[in-house]
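Undergrad: just a sequence and a predicted model for now, questions to come.
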Amino acid sequence: MTVRQIIECNYCGTKTLTRTIMGFIENVPLRVPCCGCGVVLRGTLTMIPEDVDYRIKFSNAKLVGSSEGEPEYTIELSGELMTKKVEKYEFATSLISPVIKNLMFHGALTKGKNNIEDFKFKFKSLIGDRSKEWQTLKDVEDLWNNRNYKIIKKVISSFPEFEYLKEISDDYKNIELEAFNLKNISFSTIITQITPNDFAEKRNNLEDQISLSLNNPNKLYSLIIENKESCEELQKKLFSQIGKIVERFENLIPIFGLKYLGDMEDNFFDNKGITTVTFEEIKDIYIDNYEVILSCSDIVIAIDNLIINNDFNNMQVTGASKTKTLSKYRKLSNGHKLNFINENESYFNKLLESDLDKEIRNSIGHNSYSFDSVSQNITFKKNNGSSKKMSLVLFLMKLWDSFITCYNLWYFYKELNKLRIILSLPLSTKELNRFIRDYSIR
């Protein structure tokens, strides 16, 4: 179903025909560039299932009838699909249904697979799971950070799979371990809906890396203890960054949907855009992700050093870098850390969903960019005076990948913090060896 409406900008009076594709989300953010004055017209599509109805409302534009004049521009709006960018209004082309056109377009890119249905199922499940799981997960995280273990026990034991907790002691280490287990279950429920099917392989790879480090449990424990506060703080920051995307998922569903498409041609984004978010609304999350991700690199690289060189301070250098020790690496700025990472192959590179872009980070951070809301092109200015252009969709894909990287790292640090608790228990040599063996084969 498509809803056709004409909206008029409150500032310049420019009229735009909007053709909104009705989907499956109850509240859809709408962003329409006004081609008359450049203002972004902000609205919301609200589905009302009980009345089988909908409501579309803009805060800085008003609905007008066709009797008040022909629109000058037209745009397709969707909360789930990539749509054609705003263009000059032509009566004939405006009659072609954007629903059929976009479903055919996306269907062609899936190469005959049932990916559209899979995509729909995943984002509907995610939104449902988020409302049920995410708030509890956030509460447990806050309680854990504030060491409120008895309350954590009460919260966790209310879940059927954790009823046995009511019978265990109030020892904080027991409760901490169960809190980790709950985070695993809750986060996995959410993240499994978000990531493509290869995350299970990524998670197994993460656990394999930690298993290798357990070949030297004393040095691993020493590393984790020496960096206890840092590990906990980084896990906390990663959780915060993940939350910024999970809580704004409605803005990024069309980007999420791109993961279900096949190969896209180079000019894919010339005419296709997104109508649920603008660059200004979300750009700062990329900077924060960039900084947190690189701040997390130290311990990951240290464990790589431990596995390869039996010494977490002795760097595994494959490039021309003069940074030979972890202590020197830690003194580098995040920009120089990224240079090292790009020049030297390490396990940390495998946790990056895609390369981090220092030029984008600096351009946003120094406010040296421009965004054209009509073309949805961003111009990032470089320090040397040159610049590079990128579509909003490509930027959002980079942002999405940085979000998945944050989750990869959160899982890694969560496992380290869990190991710290286990390795601090008074285990006999036999018990420790059994734990290491069980961890390695799980």
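TA: All right, it came through fine. Residues are numbered from 1 along each chain as shown.
Undergrad: my read is that residue 6 contacts residue 65, right?
TA: Yes - shown here, residue 6 and residue 65 form a contact pair, counting by C-beta atoms under 8 Å, at 7.2 Å. Using the backbone N, CA and C atoms, a C-beta is placed for each residue, glycine as well.
Undergrad: so which of those two has more stuff around it?
TA: Applying other C-beta atoms under 10 Å to residue 6 and residue 65 shows that residue 6 carries more neighbours, namely 20 against 8.
Undergrad: so the more buried one sits in a strand?
TA: Yes - counting by DSSP: H, G, I helix; E, B strand; the rest coil, residue 6 is part of a strand.
Undergrad: how about residue 9: what's its closest non-neighbour residue?
TA: Among residues not flanking residue 9 along the chain, residue 34 sits closest, at 4.4 Å (C-beta to C-beta, 6 or more residues apart in numbering).
Undergrad: give me the distance between that neighbour and residue 13.
TA: Relative to residue 13, residue 34 is positioned 10 Å away (C-beta to C-beta, to the nearest Å).
Undergrad: give me the domain ranges for the protein.
TA: 2-95, 112-194, 211-440 (the TED database).
Undergrad: in TSV, list these along with mean pLDDT and distance to residue 203.
TA: Supplementary listing: the domains of the chain in TSV, determined by pLDDT from 0 to 100; distance: least, C-beta to C-beta, whole Å:
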stretch	mean pLDDT	distance to residue 203
domain 2-95	91	27
domain 112-194	65	9
domain 211-440	88	6
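Undergrad: distance to residue 202 for the ones you listed - can I get that in a markdown table?
TA: Compiled in a markdown table, the domains of the chain are given as follows (distance: least, C-beta to C-beta, whole Å):
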| stretch | distance to residue 202 |
| --- | --- |
| domain 2-95 | 26 |
| domain 112-194 | 10 |
| domain 211-440 | 6 |
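Undergrad: now do the helices in the stretch 201-350 of the chain.
TA: 217-226, 228-246, 249-258, 268-271, 279-295, 297-309, 326-330, 334-343, 347-351 (DSSP state H, counting those that start in this stretch).
Undergrad: of those, which approaches residue 90 most closely?
TA: Closest approach to residue 90 among the helices of the stretch 201-350 of the chain (C-beta to C-beta): helix 268-271, 14.8 Å.
Undergrad: buried residues in that closest one?
TA: Along helix 268-271, these residues count as buried under the neighbour rule (16 or more other C-beta atoms under 10 Å): 268, 269.
Undergrad: now that helix - C-alpha only, PDB.
TA: Taking C-alpha atoms only, helix 268-271 is exported to PDB below (Å, rounded to 0.1, in the frame of the first residue of the first chain):
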ATOM      1  CA  PHE A 268      23.700   1.800  -6.900                       C
ATOM      2  CA  PHE A 269      23.600   4.900  -4.600                       C
ATOM      3  CA  ASP A 270      23.400   7.500  -7.300                       C
ATOM      4  CA  ASN A 271      19.600   7.400  -7.300                       C
END
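Undergrad: mind listing residues that contact that helix?
TA: Contacts to helix 268-271, defined as C-beta atoms under 8 Å, 6 or more residues apart in numbering, come from residues 84, 85, 391, 393, 394.
Undergrad: what about that helix, distance to the chain center?
TA: What separates the centre of helix 268-271 from the centre of its chain is 23 Å, taken as C-alpha atoms, centre = their mean, to the nearest Å.
Undergrad: again, but for stretch 84-92
TA: Worked out by C-alpha atoms, centre = their mean, stretch 84-92 lies 32 Å from the chain centre.
Undergrad: now swap in stretch 66-82 and tell me
TA: 30 Å.
Undergrad: for stretch 315-331, same thing?
TA: In terms of C-alpha atoms, centre = their mean, the centre of stretch 315-331 is found 29 Å from the chain centre.
Undergrad: residues touching it, excluding its own?
TA: 298, 301-302, 304-305, 308-309, 312-314, 332, 337, 339-340, 343-346.
Undergrad: with stretch 399-414 instead?
TA: With C-beta under 8 Å, 6+ apart as the test, stretch 399-414 has contacts from 180, 183-184, 187, 191, 194-195, 202-203, 206, 209-210, 231, 234-235, 238-239, 241-242, 245, 252, 255-256, 282, 285-286, 289-290, 292-293, 296, 299-300, 351-354, 356.
Undergrad: so how do I select the buried members of those residues in ChimeraX?
TA: Buried residues among those (16+ other C-beta under 10 Å), as a ChimeraX selection:
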select :180,183,187,191,194,195,202,203,206,209,210,231,234,235,238,239,241,242,245,252,255,256,282,285,286,289,290,292,293,296,299,300,351,352,353,356
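Undergrad: before we move on, back to that, make TSV out of the helices of the stretch 201-350 of the chain and add distance to residue 415.
TA: Output for the helices of the stretch 201-350 of the chain, formatted as TSV (distance: least, C-beta to C-beta, whole Å):
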stretch	distance to residue 415
helix 217-226	10
helix 228-246	10
helix 249-258	25
helix 268-271	37
helix 279-295	17
helix 297-309	11
helix 326-330	20
helix 334-343	21
helix 347-351	12
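Undergrad: buried among the contacts of stretch 315-331? Make that a PyMOL selection.
TA: Listed next is the PyMOL selection for buried residues among these, using 16+ other C-beta under 10 Å:
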select buried, resi 298+301+302+304+305+312+332+337+339+340+344+346
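Undergrad: in the lengthiest helix in the chain, what's buried?
TA: When the chain is parsed with DSSP state H, its longest helix is helix 392-423. The neighbour-count check on helix 392-423 (16+ other C-beta under 10 Å) flags 392-423 as buried.
Undergrad: and the residue with the largest distance to the centre of the chain, how far from residue 19?
TA: Relative to the C-alpha centroid of the chain, counting by C-alpha atoms, centre = their mean, residue 67 is the outermost residue, at 44.6 Å. Separation of residue 67 from residue 19 (C-beta to C-beta): 19 Å.
Undergrad: spatially central residue in the protein, please.
TA: The chain, centroid-nearest residue using C-alpha atoms, centre = their mean: residue 403 at 2.8 Å.
Undergrad: for residue 306, which non-adjacent residue is closest in space?
TA: Distance criterion C-beta to C-beta, 6+ apart; nearest residue to residue 306, sequence neighbours excluded, is residue 312 at 4.4 Å.
Undergrad: no wait, residue 30
TA: In space, and not counting its chain neighbours, residue 30 is closest to residue 43: 4.0 Å by C-beta to C-beta, 6+ apart.
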